[in-house]
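**Q** Below are the sequence and a predicted model for it; my questions follow.
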Amino acid sequence: MAQSDLPVALDSVDANSHRGVGVRAAHKRAAKPKGRGGQATWYKPGLGNCGGYNKESDMILALPMSVYSGGKYCGKMVKITNPSNGKTCTAKVADSCPGCGPRDLDVSPRVFEKISKSLDDGVATINWDVRSV
């Protein structure tokens, strides 16, 4: 086989070890979902789309359907920050939210109280990031 017939994914080769000195990545990791300038609303949890029953006191949330991806992020932790007051908390993905926009989350009452003054606020501006597990 001629040398030009070999597939090459190396920038250069170390002549002593035959290992690539600058191996290029074959693929990039997909960015973790996040929302900037989204809105959090609270809902009364029950049987979540991820399976299992959730209570109002649980630190859980529902992702928008555009991010939920058939349950791909079920059980993952999401950091939620209210930029208006600096309050932050972490909650677990337990459900999907068909009515949420792509940057919005539905959260349990307990989560909402962690990022807002009270449930009476109804809506809170948020930023959020899915965290590594």
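**A** Cool, the structure landed. Quick caveat: nothing in here was measured; it's all calculated off a predicted structure.
**Q** From here on, just use CA atoms for contacts and neighbour counts.
**A** Noted.
**Q** Need the contact partners of the helix-or-strand element of the chain with minimal mean pLDDT.
**A** Using mean pLDDT, DSSP states H and E, the weakest-scoring helix or strand in the chain turns out to be strand 34-42, at a mean of 88. Strand 34-42 is contacted by residues 101-109, 112, 119, 122-130 when judged by Cα atoms under 8 Å, 6 or more residues apart in numbering.
**Q** buried sites along the helix or strand that residue 95 is a member of?
**A** Assigned by DSSP states H and E, residue 95 belongs to strand 88-97. Buried residues in strand 88-97, counted by 16 or more other Cα atoms under 10 Å: 88, 90, 91, 92, 93, 94, 95, 96, 97.
**Q** Identify the bridge partners of the third one.
**A** Counting by DSSP bridges, residue 91 forms beta bridges with residue 78.
**Q** and it, what does it touch?
**A** Contacts of residue 91 (Cα under 8 Å, 6+ apart): 59, 60, 61, 77, 78, 79, 80, 111.
**Q** what's the neighbour count on the fourth one?
**A** To tie it back to what came earlier, the one meant is residue 77. Residues lying near residue 77 (other Cα atoms under 10 Å) number 20.
**Q** could I get the buried residues of strand 88-97 as a markdown table with distance to residue 44?
**A** Shown next, in a markdown table, are those (distance: Cα to Cα, whole Å):
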| residue | distance to residue 44 |
| --- | --- |
| 88 | 21 |
| 90 | 18 |
| 91 | 15 |
| 92 | 15 |
| 93 | 15 |
| 94 | 13 |
| 95 | 12 |
| 96 | 13 |
| 97 | 12 |
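**Q** Right, I'll call it a day here.
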